[in-house]
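1. Test case, fold it:
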Amino acid sequence: MVDDKAMTTNDNRATWQQVLGRVAEYSDTDHWNRWKGIALPILRQSVDLELDSLFRAGMGMHQLIFSTVDHHRLKDEPRVTFEIREDWTIRISLARSNVYFNEPSDFAIVDEALAFSTFRQYLRRLWEQTQEEPIPSGLSLP
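-> I've put the predicted structure just below:
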């Protein structure tokens, strides 16, 4: 018998694989190759740290969205949104609603060099806000 935590972990990992697959299939153009060159390493580093077991991943337009809930189609639920902007900076947001239409409660705009560490910090904050369990090692800050 599989316990609920194992099922959630497997479900979460499956969502990351779906997002990785969708991003990898974006058009082979200069714009999308640059976009993928920013997004895919962040996603892969996260999987290497097993963050895919902790968070559900999804997409909205050209945003990558991460949550601790067990379903897609988020309503008024906490999430981290990762957006690559037109000037190639990255906006990482903590919000309870779609940041395309509403201002997030907090956000950072960073360059590619700081994107992964900032992303992890925001995932850690999401974890602290939504989970009672101790902070997992993949979210431990240096």
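
2. what helices or strands is the lowest-mean-pLDDT helix or strand in the chain leaning on?
-> When each helix and strand of the chain is scored by mean pLDDT, DSSP states H and E, helix 4-24 comes last, with a mean of 85. If you count contacts as 3 or more C-beta pairs under 8 Å, 6 or more residues apart in numbering; DSSP states H and E, helix 4-24 packs onto helix 30-48, strand 56-60. Just so you know, the C-beta spots here come from the backbone N, C-alpha and C atoms, and that holds for glycine as well.

3. for the first one, what is the average pLDDT?
-> Helix 30-48 shows a mean pLDDT of 96.

4. Ok, the last one next?
-> Average pLDDT, strand 56-60: 92.

5. Could you list every helix and strand in contact with the helix or strand following that strand?
-> Later in the chain than strand 56-60, the nearest helix or strand by DSSP states H and E is strand 63-67. Judged by 3+ C-beta pairs under 8 Å, 6+ apart, the packing partners of strand 63-67 are strand 56-60, strand 79-84, helix 112-130.

6. Now do the second one against helix 30-48, angle only.
-> If I follow you right, that is strand 79-84. Counting by axes from the mean of the first three to the mean of the last three C-alpha atoms, to 10 degrees, strand 79-84 lies at 140 degrees to helix 30-48.

7. average pLDDT across whichever helix or strand comes after strand 79-84?
-> Using DSSP H and E, the helix or strand that directly follows strand 79-84 along the chain is strand 90-95. Averaged across strand 90-95, pLDDT comes to 96.

8. I'm done for today, thanks for sticking with me.
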